[in-house]
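Q: Can you look at this prediction? I've put the sequence above it.
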Amino acid sequence: MSDYNFAYLDEDTKRMIRRAILKGIAVPGYQVPFASREMPMPYGWGTGGVQITAATLVPQDVLKVIDQGADDTTNAVSIRKFFQKTAGVEVTERTTEATVIQTRHRIPETPLTGDQILVYQVPIPEPMRFLEPRETETRRIHALADYGLMQVRLYEDIARHGEIATSYAYPVEVAGRYVMDPSPIPKFDNPKLDDCPAIQLFGAGREQRIYALPPHTGVRSLDFDDHPFTASKADHACAICGSGTSYLDEVITDDDGGRMFVCSDTDYCARRAEGVQ
Amino acid sequence: MNAPMTRLSGGFAHPAHDSARGFRAILSAMARPGTIGQMQGGQGPAPISDAAATVLLVLCDRTTPLYLAPSHDTPELRDWIAFHCSAPLVAPGDAGFALGDWAALQPLDRFAIGTPEYPDRAATLIVDNHDFDAPAQNLRGPGIKDRARLALPEVEPFTANHAHFPLGWDAIFTAGARIAALPRSTEVF
């Protein structure tokens, strides 16, 4: 343990990240610029989330890391080992045992509590980026809360497809002010953002932005009165645990079109499967 | 029993662990306005409370301009901050952090509230030796389930500050080992 400073980052860097997190908490949904550091993993592997986790962990924490809901994928295993080695914290796969959960693209099925912190890995933090590439302009859009462009995008979805076709990274309005990218979680997870008792922190390493949702913050998915937001999932039950309410991954099982639907949240699925047997 | 306070004493025994725990206490206070937490580890010369000294150790360094209000602008405290934080001491308008008793921090319109493009460029006020027994006010907003209550020195400055949202300063209240916070997003009513 003497080979690394606690949680890898130096104290100056952690202080800088901590100050950014606090400003993010004070202005929910606003993207705070921060001086993102190079981490010993490539961009796209969760460097933003890792830096937030490093600045947030205390030695007593129990850390869980998930990638698309799974604890046992390469990204999740690597990050979990990283903090085991550099922070010496206890790790777990159980959502209920974790105090800090770093996630890529899912919110656990098991409801979070006020004693937990959820850290999201974010690739593109700017919800308006694909509509307006200029940072100066998106900054002005947020300053003026001039979000008509996003409503137009959703409207064009309806005009073309008959419904809002955006199925992940579905834009939300935070506390009646900022429009925020909830990271590429499926829109099925969007309702869990609202009034969540846990602190939710978002980190984008390459894009150098941190944003946050304090507990019990109102988070509304953008929609229209005549086309209300709906959280959708594959219309099946899990092939392993039988859950009809959890978010499902489609798994191809052979070359003949065989497939099955299983829970994306491996901990939720395993615990249910244990309970069933 | 205690060694006399010097400019060199009162830092963290284990800087990485103590600042991590300290940050979680500040995060908890800022994310849940109205809740009062415990904050220990730092110890500065009077009149600074242990909680405020710990906040400085956790958040301030040579990159954070700090304003010392008259109540806290003593040679001993200046020396202590120079040794432990190296934060440059500046005028109120240039401050990222401001430390002082509530009365000494007035008038508050001197502090940065950010710009529409960068609302994060706003000051954080560390209101030290706060009277946690003052009349409690009702709070609502992000971080609060339904309603919370917190003792505040006055009401009007906080409602005026919230009216600027998303601009505005954020306040951290400290006394002894206690800490609470009131970000600009909180509505006092």
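A: Thanks, I have the structure now. Numbering: from 1, shown residues only, chains lettered A, B, ... in the order given.

Q: Now residue A:190: closest residue in space, sequence neighbours ignored.
A: residue A:221 (4.7 Å; CB to CB, 6 or more residues apart in numbering or on different chains). C-betas here are computed from N, CA, C, even on glycine.

Q: From residue A:170, how far out is the one you found?
A: Counting by CB to CB, to the nearest Å, the gap from residue A:221 to residue A:170 is 6 Å.

Q: Need the residue closest to the centroid of the chain.
A: If you meant another chain, say so; for now it's chain A. For chain A, the residue sitting closest to the mean C-alpha position, by CA atoms, centre = their mean, is residue A:120 at 3.6 Å.

Q: Please refer instead to chain B.
A: Note on chain B: the residue nearest the mean C-alpha position is residue B:126, at 2.2 Å, using CA atoms, centre = their mean.

Q: buried ones in the longest helix anywhere in chain A?
A: For chain A, the longest helix by residue count, based on DSSP state H, is helix A:11-26. Within helix A:11-26, the residues scored as buried using 16 or more other CB atoms under 10 Å in any protein chain shown are A:11, A:13-26.

Q: touching chain B at all, that helix?
A: Yes - using CB under 8 Å from any CB of the partner chain, we find that helix A:11-26 touches chain B at A:11-12, A:14-16, A:18-26.

Q: Give me the helices and strands touching that helix, please.
A: When contacts are defined as 3 or more CB pairs under 8 Å, 6 or more residues apart in numbering or on different chains; DSSP states H and E, helix A:11-26 sits against strand A:32-33, helix A:47-56, strand A:199-204, strand A:209-213, helix B:15-31, helix B:50-59, strand B:170-175.

Q: OK, contacts around residue 40?
A: No chain in the question, so chain A it is. A:8, A:82 (CB atoms under 8 Å, 6 or more residues apart in numbering or on different chains).

Q: nope, chain B
A: B:50, B:51, B:54, B:177.

Q: now it: how far from residue A:228?
A: 49 Å.

Q: same deal with residue A:258?
A: Counting by CB to CB, the gap from residue A:258 to residue A:228 is 36 Å.

Q: Apart from its chain neighbours, what residue comes closest to residue A:153?
A: Of all residues not flanking residue A:153 in the chain, residue A:131 sits nearest, at 6.0 Å (CB to CB, 6+ apart).

Q: in a strand, that's where that neighbour is, yeah?
A: No - Residue A:131: not assigned to a strand; according to DSSP: H, G, I helix; E, B strand; the rest coil it is coil.

Q: Pull the number of nearby residues for it.
A: Number of residues near residue A:131 (other CB atoms under 10 Å in any protein chain shown) recorded here: 14.

Q: pretty sure it is touching residue A:147, no?
A: No - with contacts counted by CB atoms under 8 Å, residue A:131 stays clear of residue A:147, the gap being 10.1 Å.

Q: sorry, back to before: in contact with the residue nearest to residue A:153, which residues?
A: Residue A:131 makes contacts with A:149, A:150, A:153, as judged by CB under 8 Å, 6+ apart.

Q: mind giving me the domain ranges of chain A?
A: Listed domain ranges for chain A are A:11-221, A:233-277 (source: automatic domain parsing).

Q: and among those, the most buried is which?
A: Stretch with highest mean neighbour count among these: domain A:11-221 (a mean of 20; mean count of other CB atoms under 10 Å in any protein chain shown).

Q: What does residue B:136 show for phi and psi?
A: Phi and psi for residue B:136, reported as degrees, to the nearest 10, are phi -80, psi 140.

Q: hey, what's it bridged with?
A: With DSSP bridges as the criterion, residue B:136 is bridged to residue B:151.

Q: ok, it - contacts?
A: Per CB under 8 Å, 6+ apart, neighbours of residue B:136: B:149, B:150, B:151, B:152.

Q: Not counting stretch A:103-111 itself, show me its contacts.
A: So stretch A:103-111 is contacted by A:46, A:49, A:65-69, A:75-76, A:95-96, A:101, A:118-121, A:168, A:183-186, A:189, A:192-193, A:246-247, A:263-265, A:267-268 (CB under 8 Å, 6+ apart).

Q: excluding its backbone neighbours, what's nearest whatever residue of the stretch 51-200 of chain A ends up closest to chain B?
A: Relative to chain B, the nearest point of the stretch 51-200 of chain A is residue A:143 (3.6 Å; CB to the nearest CB). In space, residue A:143 comes closest to residue B:116 once its chain neighbours are excluded; the distance is 3.6 Å by CB to CB, 6+ apart.

Q: Which helix or strand in chain A has the lowest average pLDDT?
A: helix A:266-276 (a mean of 91; mean pLDDT, DSSP states H and E).

Q: which residues touch it?
A: Contacts of helix A:266-276 (CB under 8 Å, 6+ apart): A:64, A:66, A:69-72, A:93-95, A:108-110, A:238, A:240-243, A:246, A:262-263.

Q: So which residues on chain B come close to chain A?
A: Selection of chain B residues close to chain A by CB under 8 Å from any CB yields B:15-17, B:19-21, B:23-24, B:26-27, B:30-32, B:58-61, B:63-64, B:115-120, B:122, B:124, B:141-145, B:165-166, B:170, B:183-185.

Q: Among the residues you listed, the buried ones, what's the PyMOL command?
A: Those of the residues of chain B next to chain A that count as buried under 16+ other CB under 10 Å are selected in PyMOL with:
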select buried, chain B and resi 16+17+19+20+21+23+24+26+27+30+31+32+58+59+60+61+64+119+120+122+124+141+142+143+144+165+166+170+183+184+185
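
Q: In the chain, what residue spans correspond to strands?
A: No chain specified, so I'll use chain A. For chain A, the strands defined by DSSP state E occupy A:32-33, A:62-67, A:90-91, A:100-104, A:117-121, A:172-174, A:178-180, A:199-204, A:209-213, A:219-221, A:248-252, A:259-263.

Q: ah, no, chain B please
A: B:37-38, B:66-68, B:97-100, B:124-127, B:136-140, B:148-151, B:170-175, B:178-182, B:187-188.

Q: Reformat the ones you listed as JSON lines; add mean pLDDT and distance to residue A:274.
A: Formatted as JSON lines, those follow (pLDDT from 0 to 100; distance: least, CB to CB, whole Å):
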{"stretch": "strand B:37-38", "mean pLDDT": "96", "distance to residue A:274": "37"}
{"stretch": "strand B:66-68", "mean pLDDT": "98", "distance to residue A:274": "54"}
{"stretch": "strand B:97-100", "mean pLDDT": "98", "distance to residue A:274": "50"}
{"stretch": "strand B:124-127", "mean pLDDT": "98", "distance to residue A:274": "47"}
{"stretch": "strand B:136-140", "mean pLDDT": "97", "distance to residue A:274": "42"}
{"stretch": "strand B:148-151", "mean pLDDT": "97", "distance to residue A:274": "39"}
{"stretch": "strand B:170-175", "mean pLDDT": "98", "distance to residue A:274": "45"}
{"stretch": "strand B:178-182", "mean pLDDT": "98", "distance to residue A:274": "42"}
{"stretch": "strand B:187-188", "mean pLDDT": "97", "distance to residue A:274": "46"}
